[in-house]
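**Q** Need a 3D model of the sequence below.
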Amino acid sequence: MAARIDHLVTSGTFSLDGGTWDVDNNVWIVGDDTEAIVIDAAHDAAAIRDALGGRTLRAIVSTHGHDDHVDAAPALADATGAPIWLHPADLMLWKRKHPEREPDAALSDGQVIEIGGTALTVLHTPGHSPGAVCLHAPALGTVFSGDTLFQGGPGATGRSFSDFPTIITSIRERLLTLAPETVVRTGHGDSTTIGDEAPHLEEWIARGH
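**A** Numbers count the residues shown, from 1 in each chain. Take a look at the predicted model:
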């Protein structure tokens, strides 16, 4: 039996470059009836732990190091014993939020995470941040895109450590090459599909989205 995907939305703030904004984040839980991973432990460790429903948490996987995606990770790790995984290129962002606590393991491009009989492959997709990753689960027909790709375009690149040409390259080479029917489960907002977004790449480039 393939793993299932559970979803909850948590609310909090995102802070960078001297500004703070209210945000709603998607938290994705992938697993079966006994074990799971959490993708992006945002804002509310207690709510995420409740959503696990007593399952063993095998890992807390961070798509990137922005504070709204990792702020609840240490508390969730402490409550469950699960390790926190982050791409090392985002360690400087992590340390802004959690200077006293290191992630437990480094994510790397091509790494395969297995949970509930299902494999998720780590795709390094820099641009929104240097260490941004997506997680591709072909058996589930989905990719967890963090803040790299949204319904309607790329993630934001107007703040420190981000770069628009880099995110466009990541999307073109790592995401738009996936099957068109692949569901894109994003870090914020509604899901989309690769097929719905692919035709708009040149529009995004033209407007420097």
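
**Q** any idea how far Ala59 is from the closest residue to His98 other than its chain neighbours?
**A** Excluding the flanking residues, the one nearest His98 by Cβ to Cβ, 6 or more residues apart in numbering is Pro74, at 5.9 Å. From N, CA and C alone the C-beta is placed, and that goes for glycine too. Plainly put, Pro74 is 14 Å away from Ala59 if you go by Cβ to Cβ, to the nearest Å.

**Q** Spell out which residues are contacts of both of the two.
**A** Common neighbours of Pro74 and Ala59, using Cβ atoms under 8 Å, 6 or more residues apart in numbering, are Ile84.

**Q** circling back: tell me the phi and psi of the residue nearest to His98?
**A** Pro74 has phi and psi values of phi -60, psi -40 when expressed as degrees, to the nearest 10.

**Q** so it sits right up against Pro83, yeah?
**A** No: taking contact to mean Cβ atoms under 8 Å, the distance of 11.3 Å between Pro74 and Pro83 leaves them out of contact.

**Q** Tell me where the model's unsure across this protein.
**A** By pLDDT under 70, the weakly predicted segments of the chain are 1, 209.

**Q** before we move on, the earlier item: between Pro74 and Pro83, who's got more neighbours?
**A** Neighbours were counted for Pro74 and for Pro83 using other Cβ atoms under 10 Å; Pro74 has more, 19 against 14.

**Q** follow-up on the earlier one: which residues do Pro74 and Pro83 both contact?
**A** Common neighbours of Pro74 and Pro83, using Cβ under 8 Å, 6+ apart, do not exist here.

**Q** just the helices in the protein please.
**A** Taking DSSP state H, the helices of the chain run over residues 45-52, 67-70, 73-80, 91-97, 164-170, 194-197, 201-207.

**Q** possible to save those as a markdown table with distance to Asp109?
**A** As requested, the helices of the chain are arranged in a markdown table below (distance: least, Cβ to Cβ, whole Å):
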| stretch | distance to Asp109 |
| --- | --- |
| helix 45-52 | 26 |
| helix 67-70 | 19 |
| helix 73-80 | 21 |
| helix 91-97 | 16 |
| helix 164-170 | 11 |
| helix 194-197 | 19 |
| helix 201-207 | 21 |
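
**Q** which one of those helices lies closest to His128?
**A** His128 lies closest to helix 164-170 among the helices of the chain, at 5.7 Å (Cβ to Cβ).

**Q** what comes up buried for that closest one?
**A** By neighbour count with 16 or more other Cβ atoms under 10 Å, helix 164-170 contains the buried residues Phe164, Thr166, Ile167, Ile168, Ser170.

**Q** Name the nearest of the residues you listed relative to Pro138.
**A** Within those, distances to Pro138 taken as Cβ to Cβ reach their minimum at Ser170, with 18.7 Å.

**Q** Now the residue nearest to the closest one when sequence neighbours are not counted. Its backbone dihedrals?
**A** With Cβ to Cβ, 6+ apart as the measure, Thr125 is the residue that lies nearest to Ser170, at 3.8 Å, once sequence neighbours are left out. Listed backbone geometry of Thr125 is phi -130, psi 70, with angles given as degrees, to the nearest 10.

**Q** if I look at Thr125, how far off is Val133?
**A** With Cβ to Cβ as the criterion, Thr125 and Val133 are 6 Å apart.

**Q** Thanks a lot, see you next time.
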